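> coords please:
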Amino acid sequence: MIQFENITISFNNKTVISNFSTQIRDGEKICFVGESGSGKSTLLHAILGFVSPDKGEIRIENEAITTHSIQSIREKTAFLPQDISFPYQTVKELLLSPFSFKANRKQIVTDERILSVFATLNLEEEILHKKLNEISGGQKQRVLLALIALLDKSIVLLDEPTSALDAGSVDLVIHFIKEMKNTTVVIVTHDRRFAEAFDRIIPIN
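Down below sits the predicted model:
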């Protein structure tokens, strides 16, 4: 469970989130929806400890986020930010890179496993061997979602995961996320139709 307890977050003396409280149950798929600048992405960053509340507390599986606990919380969390650049040349290099990190070294990632995830996102096998600059924005977004699935974390945070997708691909992603049966998924989105496909919409004002 993820618990926000009376969270207030400010930047440069401007309050972005004020007295926000909610609970997200284990395995629940929810969407934060609100206007640009309402603080939706800030809440994702707070879960990861990238920003700290001025007031209130965030708890993950009943463990408060502190400087001491944040590393173990990050190890069980996968995050797909809205804007991201990579120091990798090929799609395969990107997909394999996280598994060189200590937290993920025990996981075995084969081409067969990658292609199985690709199939659920309608990604062709040939994409695996392409350079990142040779694939479209929509393909790259689905490749990153495939990477999230391969990491197999208990908590997934997605910031605008459909911004580069057409309607058909959005439907694929909805099904893909719903199939993460035992995973808690927190999504930031402007797409109301996309948000309505999941368990709950939490408005951020």
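
> show me where this protein has strands.
In the chain, the segments counted as strands under DSSP state E are 2-11, 14-24, 29-33, 55-60, 63-64, 77-80, 155-159, 184-188, 200-203.

> Any stretches of this protein with poor pLDDT?
The model of the chain has pLDDT under 70 over residues 103, 105.

> Can you give me every residue that contacts Pro98?
Asn104, Leu147, Leu151 (CB atoms under 8 Å, 6 or more residues apart in numbering). Every C-beta, even on glycine, is put in place using the N, C-alpha and C of the backbone.

> residues near the last one, how many?
It refers to Leu151. 17 (other CB atoms under 10 Å).

> before we move on, back to that, could you dump the contacts of Pro98 into JSON lines with distance to Glu57 added?
Converted to JSON lines, the contacts of Pro98 look like this (distance: CB to CB, whole Å):
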{"residue": "Asn104", "distance to Glu57": "28"}
{"residue": "Leu147", "distance to Glu57": "31"}
{"residue": "Leu151", "distance to Glu57": "27"}
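
> for the residues you listed, which one is nearest Met1?
In terms of CB to CB, no member of those lies closer to Met1 than Leu151, at 20.6 Å.

> ok, that closest one touching Ala78?
Yes - look at Leu151 against Ala78 with CB atoms under 8 Å: they come within range, at 4.6 Å.

> now the strands of the chain as CSV including mean neighbour count?
Putting the strands of the chain into CSV (neighbours: other CB atoms under 10 Å) gives the following:
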stretch, mean neighbour count
strand 2-11, 17
strand 14-24, 15
strand 29-33, 21
strand 55-60, 17
strand 63-64, 13
strand 77-80, 20
strand 155-159, 22
strand 184-188, 24
strand 200-203, 14
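
> List just the one of the ones you listed that sits closest to Leu44.
Nearest of the strands of the chain (CB to CB): strand 155-159, 4.7 Å.

> What strands flank that closest one, and is each parallel or antiparallel?
strand 77-80 (parallel), strand 184-188 (parallel) (DSSP bridges).

> right, so of those, which gets closest to Lys130?
strand 77-80 (19.9 Å).

> Which one of the contacts of Pro98 is nearest to Met180?
Leu151 (11.3 Å).

> ok so, going back, can I get the strands of the chain in JSON lines with distance to Pro87?
Listed next are the strands of the chain as JSON lines, based on distance: least, CB to CB, whole Å:
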{"stretch": "strand 2-11", "distance to Pro87": "28"}
{"stretch": "strand 14-24", "distance to Pro87": "30"}
{"stretch": "strand 29-33", "distance to Pro87": "29"}
{"stretch": "strand 55-60", "distance to Pro87": "29"}
{"stretch": "strand 63-64", "distance to Pro87": "32"}
{"stretch": "strand 77-80", "distance to Pro87": "17"}
{"stretch": "strand 155-159", "distance to Pro87": "20"}
{"stretch": "strand 184-188", "distance to Pro87": "25"}
{"stretch": "strand 200-203", "distance to Pro87": "34"}
